[in-house]
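Colleague: Show me how the following folds:
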Amino acid sequence: MRDDLTMTNHLVDDTDDWGEKRRTVLDADELILNMGPQHPSTHGVLRVILKLDGEKILGTECVIGYLHRGVEKIGEHRTYTQFAPYVDRMDYVAAVSNGLGYCEAVEKLLNVEAPPRAQYIRVIMAELQRIASHQVWLGTHALDIGAMTPLFYTFRDREEILKIFEKYCGARLTTHMFRIGGCQYETYDGFEKEVKRFCDFVEPKIGEYEALLTTNRIWVERTKGIGILNGDDCKALGVTGPVLRAAGVKWDLRRAQPYEAYSKFEFDIPVGEHGDTYDRYLVRMKEMYQSLRIIRQAIDNIPEGPIMAKVPKIIKPAVGEVYHSIEAPKGELGYFIASDGSTQPYRMRIRPPSFVNLQGLDKMVRGMLMADVVAVIGTLDIVLGEVDR
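Modeller: Residues are numbered from 1 along each chain as shown. So this is what the prediction gives:
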């Protein structure tokens with residue numbers, strides 16, 4: 001090989017202290033490696049440019065946009081009602097939560113509140129969706145790290161939630177379950193019994209997940225002390241959800257800024273101590289138990305009455321703007337809508353938790369090994385449909 005070849009990269013400083021070019025071929029101190037965009041452990045089409053010293057991470061750069069569909073701009077060219085099904089396609093693992101946040105934002109703009117029965121139905125469905133989302137996260141996260149069995153367990157149990165969704169609204173994944181002003185569908189015969197039966201069925205199953213992983217030596221070694229993000233860093237980056245709570249910050253919008261009927265239910269907010277991958281695992285496991293607790297209270301006290309508020313057939317909010325956020329399974333999901341008095345939003349902007357939380361990746365993996373990048377991406381629980389929009 002000729003000795004005058006040089007290898008440079010835009011992320012690598014290839015000059016020495018005297019300003020002269022370093023002559024490097026294959027023995028460069030630093031290596032730039034692409035992880036993705038087609039990689040099984042990036043949870044979608046995410047490209048991560050890794051700057052490596054051997055297997056040690058010196059820095060990362062996330063390249064996104066491969067799944068960009070212009071959801072917000074579409075929202076500005078559809079009526080308020082027409083846009084509702086589009087939000088299900090962002091975080092398609094938690095479509096119910098997406099629809100809930102959007103409907104509530106428009107209701108806030110209209111100064112309308114869903115009837116009490118509709119609020120209880122919404123809470124039940126949103127908490128079922130939280131469990132289903134956490135099950136997908138746990139199964140895929142464990143698979144990333146090398147444990148295959150949890151994937152079979154979690155997807156087996158999630159199927160029971162999808163059956164309830166399908167009976168209620170006819171859809172399993174992109175549900176389009178709620179409507180502006182309440183719910184389009186009344187609960188089916190036997191709904192309450194079926195939800196109670198599911199709660200009794202899945203509670204011991206969560207214990208099985210924990211038996212597989214919580215004290216598993218390989219799992220603990222791959223997650224404890226990995227991807228640490230403390231509370232101050234979370235606040236600085238805008239990180240929310242289980243990642244924030246695992247860092248010891250007790251912040252949950254269901255309690256801090258109650259919406260729907262959440263103020264009527266008793267539940268705890270699980271928090272961690274170290275802000276590492278293991279703590280984030282523990283927080284999400286505890287959250288599933290708390291979701292079951294909320295669902296049982298809602299089912300036992302669901303009121304009678306209408307499921308839709310009085311909303312005009314053609315929705316034309318007054319001139320104004322609103323920002324409304326909810327506690328989605330991955331963190332704060334917010335909708336900003338500006339109205340010019342027409343049937344379409346003048347401006348539509350969405351604050352997706354996956355997009356904001358992804359900012360923490362670089363800080364979490366610096367100094368870690370390359371194999372830890374897989375664990376950290378998994379622990380963030382991102383969905384690229386929501387990141388790119």
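
Colleague: Residue 242 versus the nearest residue to residue 70 once chain neighbours are set aside, what's the distance?
Modeller: The shortest distance from residue 70 to any non-neighbouring residue, by C-beta to C-beta, 6 or more residues apart in numbering, is to residue 389 (7.7 Å). (Each C-beta comes from the backbone N, C-alpha and C, glycine too.) In this view, residue 389 and residue 242 are 21 Å apart by C-beta to C-beta, to the nearest Å.

Colleague: same question, residue 167
Modeller: Separation of residue 167 from residue 242 (C-beta to C-beta): 29 Å.

Colleague: Of these two, give the one with the bigger neighbour count.
Modeller: Legend: neighbour count by other C-beta atoms under 10 Å for residue 167 and residue 242, higher for residue 242 (31 against 15).

Colleague: Longest helix in the protein, by number of residues?
Modeller: Secondary structure of the chain read by DSSP state H shows that its longest helix is helix 116-145.

Colleague: for the helix or strand where residue 107 lies, what is the average pLDDT?
Modeller: Per DSSP states H and E: residue 107 is located in helix 95-110. Mean pLDDT, taken over the full extent of helix 95-110, equals 92.

Colleague: what pairs with the lowest-mean-pLDDT helix or strand in the chain, and is each one parallel or antiparallel?
Modeller: Sorted by mean pLDDT, DSSP states H and E, the helices and strands of the chain end with strand 31-35, the least confident at a mean of 87. Paired neighbours of strand 31-35 in the sheet (DSSP bridges): strand 47-53 (antiparallel).

Colleague: show me the residues around residue 48 that make contact.
Modeller: 34-36, 42, 60-63, 361, 373, 377 (C-beta atoms under 8 Å, 6 or more residues apart in numbering).

Colleague: Top of these by number of neighbours, please.
Modeller: Among those, the one with the most neighbours (other C-beta under 10 Å) is residue 377, at 27 neighbours.

Colleague: Quick check: the gap between that residue and residue 268.
Modeller: 28 Å.

Colleague: Residue 96 and residue 370, how far apart?
Modeller: 36 Å.

Colleague: Which one of the two is surrounded by more residues?
Modeller: residue 96 (28 against 15).

Colleague: From residue 168, how far out is the more buried one?
Modeller: For residue 96, the distance to residue 168 - C-beta to C-beta - is 10 Å.

Colleague: okay, and the common contacts of the two?
Modeller: In contact with both residue 96 and residue 168: 125, 177, using C-beta under 8 Å, 6+ apart.

Colleague: okay, now residue 270: neighbour count?
Modeller: 20.

Colleague: quick one: residue 116 and residue 305 touch, right?
Modeller: Yes: using C-beta atoms under 8 Å, residue 116 is in contact with residue 305, at 6.2 Å.

Colleague: and those two? which has more neighbours close in?
Modeller: Neighbour comparison, residue 116 and residue 305: the larger count goes to residue 116, with 18 against 10 (by other C-beta under 10 Å).
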